[in-house]
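A.B. asks: Got a sequence here, can you model it:
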Amino acid sequence: AVVLLDIDHLGAIKGTHGLATSDEILQRVSQRLRSRIRDSDVLARSRSDGFALIASHIKTDAGVDVFCEKLTGSLKEVFEIDGIHFKLTASIGMAMYPADAVTASDLLAAAELALQDAKNAGSSQIRVFHSSLQEDFRQRIGFESALREALGKQQFFLCYQPQVCATSGRTLSMEALIRWQHPEYGLVSPLDFIPLAETTGLITHIGAWVIYTACAQLATWRQAGHDSLRMAINLSATQLLDPYLEETILDALARTGLTPADIELEITESVLIQDPKHTVERFVALRNLGLRLSIDDFGTGYSSLSYLRVLPVQAFKLDRSFVDGMNKDKTSLEICRSAIRLAKNLKLDIVAEGVETEEQARLLRELGCPIFQGYLFARPLGADAAGQHLQGNRQPYTVTPLMGFGQAPSTP
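C.D. replies: Take a look at the predicted model:
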């Protein structure tokens, strides 16, 4: 068997704790792996964040399972380096000789396909090569190539979804949402291309385009008389690792004549769990610029309340799953009630996501939620349709039809 093992999120550790720490982790992992394999097995550092192994004794599927258990078991014990505890996981891809390939290069290629399949499935996954991966890989390469060309070919555009005052219906903010209109694939969901953009590093360039485009659009709406309108922009975990993020935002503001207070950055709660120390540091740096910060999908993570003590945020968004369930089960209703009360006591804004019915809006108003977002008020709108929505915003609680998809933004 040829096995490729990559340590999950080692790049984030390197970015937060430095090169020396990541190198020490690699050395410790290699020692543990060495202690779990046979003397006849070959272990090599083959990539920036992982290893390759050759195990000549594996003959059966049961043998594959036992071997993988040994590898993953070697990482279960916490690694302590300079007083810091690291709990590591690994992604593993494996190919077998001669069933999967008969040459060294083909075996490595097959193991690489299996590893990529494991990574696509998330952290701490194990995959053994199978023939269908060849076609999946070819499709993925084509999709990745198309994604790399999308910016230059101006295939991305932004939609905007209003966040409205719960009592007056006035639009307080627009959330910028990226869309990809591909000539062959059609309208591609962000759920399909954002993860790939993150793993390939393209998210930094795409994210910068979103920042500049959203700021330009807000400047246009400001000139049309919407003086108090804000723009909400989503940030991914990978963007938080970008050392030039603050510079990009400040440059976009300078070019469009906006101030930091005009922009709200939304970061999903899951980002906090991946690398809490670094996330808090970046939040502080962004807040020091005067930017407004919000936690998205609040309540879906594991440490929501503890992070509210240390993060300099001004708002959080109540996840749509709780809003959807509030008129169906008592638990969701009480979670919404508690979250709204918590926000009030901490003097934070709270936005209820996914408000789709009058009944949900009524319940949320009774609970004291100040800001709504959802299909009851507007679906994501193209730039022109969003502008029309702002002009006609004097009539609250009007369902706005889905408009503007497939249209590029009217500003660069």
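
A.B. asks: ok, Gln163 - contacts?
C.D. replies: The contact partners of Gln163, by CB atoms under 8 Å, 6 or more residues apart in numbering, come to 171-175, 232, 351, 371-373. (C-beta placed from N, C-alpha, C; glycine too.)

A.B. asks: how does it look with 10 Å?
C.D. replies: 171-175, 230, 232, 264, 294, 315, 317, 349, 351-353, 371-374, 377-378 (CB atoms under 10 Å, 6 or more residues apart in numbering).

A.B. asks: which ones are touching Ala197?
C.D. replies: Counting by CB under 10 Å, 6+ apart, Ala197 has contacts 144, 147-148, 150, 178, 180, 190, 203-207, 236, 238.

A.B. asks: Okay, buried residues for the longest helix along the chain please.
C.D. replies: In the chain, taking DSSP state H as the definition, the longest helix is helix 203-223. Buried positions in helix 203-223, judged by neighbour count with 16 or more other CB atoms under 10 Å: 203-204, 206-222.

A.B. asks: same question, stretch 126-144
C.D. replies: Applying 16+ other CB under 10 Å to stretch 126-144 flags 126-129, 133, 137, 140, 143-144 as buried.

A.B. asks: In TSV: those residues, plus distance to Ser46, secondary structure and pLDDT.
C.D. replies: As requested, the buried residues of stretch 126-144 are exported to TSV (distance: CB to CB, whole Å; DSSP: H, G, I helix; E, B strand; the rest coil; pLDDT from 0 to 100):
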residue	distance to Ser46	secondary structure	pLDDT
Ile126	18	strand	92
Arg127	17	strand	92
Val128	18	strand	91
Phe129	17	coil	91
Leu133	19	helix	83
Phe137	19	helix	72
Arg140	21	helix	77
Phe143	26	helix	90
Glu144	22	helix	87
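
A.B. asks: following the longest helix of the chain, which helix or strand comes up?
C.D. replies: strand 230-235 (DSSP states H and E).

A.B. asks: hang on, the earlier thing: pipe the contacts of Ala197 into a markdown table and attach distance to Ala101 per row.
C.D. replies: Shown next, in a markdown table, are these (distance: CB to CB, whole Å):
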| residue | distance to Ala101 |
| --- | --- |
| Glu144 | 23 |
| Leu147 | 29 |
| Arg148 | 28 |
| Ala150 | 33 |
| Ile178 | 39 |
| Trp180 | 35 |
| Pro190 | 36 |
| Ile203 | 33 |
| Thr204 | 35 |
| His205 | 35 |
| Ile206 | 35 |
| Gly207 | 38 |
| Ser236 | 36 |
| Thr238 | 33 |
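
A.B. asks: Which of these sits closest to Lys87?
C.D. replies: Checking those against Lys87 by CB to CB gives Thr238 as the nearest, at 21.1 Å.

A.B. asks: Distance-wise, check the closest one relative to Val64.
C.D. replies: Between Thr238 and Val64 the distance, using CB to CB, to the nearest Å, works out to 32 Å.

A.B. asks: Among the contacts of Gln163, name the ones in strands.
C.D. replies: Among the contacts of Gln163, the members falling in strands (DSSP state E) are 171-175, 230, 232, 264, 294, 315, 317, 349, 351-352, 371-372.

A.B. asks: Of those residues, which is the most crowded?
C.D. replies: Met174 (31 neighbours; other CB atoms under 10 Å).

A.B. asks: Now that residue. Nearest residue, chain neighbours left out?
C.D. replies: Tyr160 (4.2 Å; CB to CB, 6 or more residues apart in numbering).

A.B. asks: buried ones in the helix or strand encompassing that neighbour?
C.D. replies: Tyr160 belongs to strand 156-165 when assigned by DSSP H and E. Residues of strand 156-165 classed as buried by neighbour count (16+ other CB under 10 Å): 156-164.

A.B. asks: export those residues to JSON lines and tack on distance to Thr199 and pLDDT?
C.D. replies: Below are those laid out as JSON lines (distance: CB to CB, whole Å; pLDDT from 0 to 100):
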{"residue": "Phe156", "distance to Thr199": "18", "pLDDT": "97"}
{"residue": "Phe157", "distance to Thr199": "23", "pLDDT": "97"}
{"residue": "Leu158", "distance to Thr199": "23", "pLDDT": "97"}
{"residue": "Cys159", "distance to Thr199": "24", "pLDDT": "97"}
{"residue": "Tyr160", "distance to Thr199": "27", "pLDDT": "98"}
{"residue": "Gln161", "distance to Thr199": "26", "pLDDT": "97"}
{"residue": "Pro162", "distance to Thr199": "32", "pLDDT": "97"}
{"residue": "Gln163", "distance to Thr199": "30", "pLDDT": "97"}
{"residue": "Val164", "distance to Thr199": "35", "pLDDT": "96"}
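
A.B. asks: All set now, cheers.
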